[in-house]
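*Asks:* would you be able to build a 3D model of this:
(one chain, ligands or ions: 1)
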Amino acid sequence: MKKNTDHKYAQELDSQDPLAEYRNRFYIDDPDLLYLDGNSLGRLPQATIPHLMDVVENQWGKNLIRGWNQGWFEKPIQLGSKLAKLIGAEPDEVLVCDTTSVNLFKLTAAALQYQGDRSILLSDEFNFPSDLYIFQGVIELLGNRHRLHLLQSEDSITIGEELIQDEINEDTALVALTQVAFKSAFMYQMEEVTRLTHQAGGLVLWDLSHSVGVVPLKLTEWGVDLAVGCTYKYLNGGPGAPAFLYVRKELQNQLKTPIWGWFADQSPFEFNLEFRPAEGINRFQISTPHILSMAGIEPALDILLEVGIDTLREKSLQQTEYLIYLAQEWLIPHGFQIGSPLDGTRRGSHVSLRHPEAYRICRAMIDPTPGEATIRVIPDFRTPDNIRLGIAPLYTTFSDIHRALFRIKTILEVGSYLEYSKQQLKVT
Ligand SMILES: *Cc1c(COP(=O)(O)O)cnc(C)c1O
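*Replies:* Prediction:
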């Protein structure tokens, strides 16, 4: 069938989708709730429900403290070695622990201290604010010897690698970037940026929060030094599930983590009074692992590993392209702009649509007034004018995309968003 805007075409794409059955592995109670926010909080895998029950009832309830010797103690490294397969790392290069922000703090401080007199921390204006705050805080803590330099975008959607090449020099300590920008979905060529940074003697630290689970990565092969990322977005690990960190093998014993907790020690249960950092990746832990919050990660990872990251990326690209096509046909005429790269090789798995009334349009998508529509569309809003639509190839259907975009078109045609307040809710 030739590409067109009919719903039949979306259904045809769904019927040819080799991943279609994976949607059934997720808990979906309302087919009229079109969830396009898997990039902020992934859906609940069906298998996670009995697994959580098992961890609570059997492991905690029955094993009690003995649980620590029955798998809990090794959880950060065991889950890390599984996650390593998704990002092209070695099993002993990844730990699941703490939050993305805390891990970023640990690795940023470690990298800046390691780099001695080099004083520039290079990042960009697309970075997630928490990342930038962490950089600012680390710089202050280290005595304001470093300067944070932010690359600026010319078109508010992309940043060219040539810009990085121009900015990196013998004073660059660390290049710390989020690979897929949270607003525009612009994606850096990680291998190229890593190469440029190393050429100048800098270290590179990638935030993979919006890449992991949807973008193929080869951290070890590309020589990436450091990385962090979330597990509750495309990895579907559950709200507040612990994050991960990656440290290249050869660097591990050369870096010093800034938080000296007992789980970073060589031998926590010897209760030594002097800290002796553990060899290898374990020195980047702090303390007692969050066993209950981590429990959702494993069943979710198993699904992603079963499908394989290349297959996921292929579907994700096909779906973001389809979404952009419908937006061009239906929404541009209503004053929308595409806020994401049109070149798929430079785009993550979400698409930003920009409109001066984006906030109120989002409200109308999420909460239609009674009688106005039976479907609800869940995007998220990112100030000032972005409606972000996330594609999670494991469970997003082409039909979801069609229905969601048709709904936005209707909201604009009818003008129903005008009835909503411009006052913003706390979490958008
Ligand atoms: C989601 C996200 C975070 C969130 O960090 P937390 O510490 O989990 O709150 C950080 N950085 C980026 C780039 C993100 O997308």
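*Asks:* sec struct for E372, please.
*Replies:* coil (DSSP: H, G, I helix; E, B strand; the rest coil).
*Asks:* run a quick neighbour tally on it.
*Replies:* For E372, the neighbour count with other Cβ atoms under 10 Å is 13. Every C-beta, even on glycine, is put in place using the N, C-alpha and C of the backbone.
*Asks:* I figured it hits S416, correct?
*Replies:* Yes: applying Cβ atoms under 8 Å as the test, E372 and S416 come out as touching, 5.9 Å apart.
*Asks:* so which strand or helix has E140?
*Replies:* If you go by DSSP states H and E, E140 is part of helix 129-141.
*Asks:* what are the buried residues along that helix?
*Replies:* Neighbour counts using 16 or more other Cβ atoms under 10 Å place D131, L132, I134, F135, V138, I139 of helix 129-141 among the buried residues.
*Asks:* my guess is the second one contacts L148. True?
*Replies:* In other words, L132. Yes: if you go by Cβ under 8 Å, L132 and L148 touch, sitting 7.4 Å apart.
*Asks:* can I get the buried residues of helix 129-141 in JSON lines with pLDDT and distance to Y35?
*Replies:* As requested, these are exported to JSON lines (pLDDT from 0 to 100; distance: Cβ to Cβ, whole Å):
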{"residue": "D131", "pLDDT": "98", "distance to Y35": "26"}
{"residue": "L132", "pLDDT": "98", "distance to Y35": "29"}
{"residue": "I134", "pLDDT": "98", "distance to Y35": "30"}
{"residue": "F135", "pLDDT": "98", "distance to Y35": "33"}
{"residue": "V138", "pLDDT": "98", "distance to Y35": "36"}
{"residue": "I139", "pLDDT": "98", "distance to Y35": "39"}
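*Asks:* could the residues you listed be laid out in JSON lines, adding distance to the ligand?
*Replies:* Below are the buried residues of helix 129-141 laid out as JSON lines (distance: Cβ to the nearest ligand atom, whole Å):
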{"residue": "D131", "distance to the ligand": "5"}
{"residue": "L132", "distance to the ligand": "10"}
{"residue": "I134", "distance to the ligand": "9"}
{"residue": "F135", "distance to the ligand": "12"}
{"residue": "V138", "distance to the ligand": "15"}
{"residue": "I139", "distance to the ligand": "18"}
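*Asks:* closest one of the residues you listed to K218?
*Replies:* D131 (22.5 Å; Cβ to Cβ).
*Asks:* figure out how far stretch 80-92 is from the centre of its chain.
*Replies:* Relative to the chain's own centre, stretch 80-92 is displaced by 16 Å; criterion: Cα atoms, centre = their mean, to the nearest Å.
*Asks:* what average pLDDT does that stretch get?
*Replies:* The average pLDDT within stretch 80-92 is 98.
*Asks:* contacts for it?
*Replies:* 77, 93-96, 208, 212-213, 216-222, 227, 229, 231, 235, 244, 246, 249, 280-281, 297-298, 301, 304-305, 309 (Cβ atoms under 8 Å, 6 or more residues apart in numbering).
*Asks:* could you turn the buried ones of those residues into a PyMOL selection?
*Replies:* In PyMOL, a selection of the buried entries from the contacts of stretch 80-92 looks like this (16+ other Cβ under 10 Å):
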select buried, resi 77+93+94+95+96+208+212+213+217+219+220+222+227+229+231+235+244+246+281+297+298+301+304+309
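*Asks:* in helices, which of the contacts of stretch 80-92 fall?
*Replies:* Judged by DSSP state H, those include I77, K249, I297, E298, L301, L304, L305, I309 as members of helices.
*Asks:* what sits up against the helix holding E140?
*Replies:* By Cβ under 8 Å, 6+ apart, helix 129-141 touches 100-101, 104-105, 108-109, 112, 121, 123, 145-148, 150, 176, 178, 207, 258.
*Asks:* next one: stretch 294-304
*Replies:* Residues contacting stretch 294-304 (Cβ under 8 Å, 6+ apart): 22, 25, 42, 45, 47-48, 51-52, 55, 75-76, 79, 82-83, 86, 96, 213, 231, 235-238, 241-242, 312, 394.
*Asks:* circling back to that earlier point, next one: the helix holding E140 to chain centre, how far?
*Replies:* Taking mean C-alpha positions (Cα atoms, centre = their mean), helix 129-141 and its chain are 19 Å apart.
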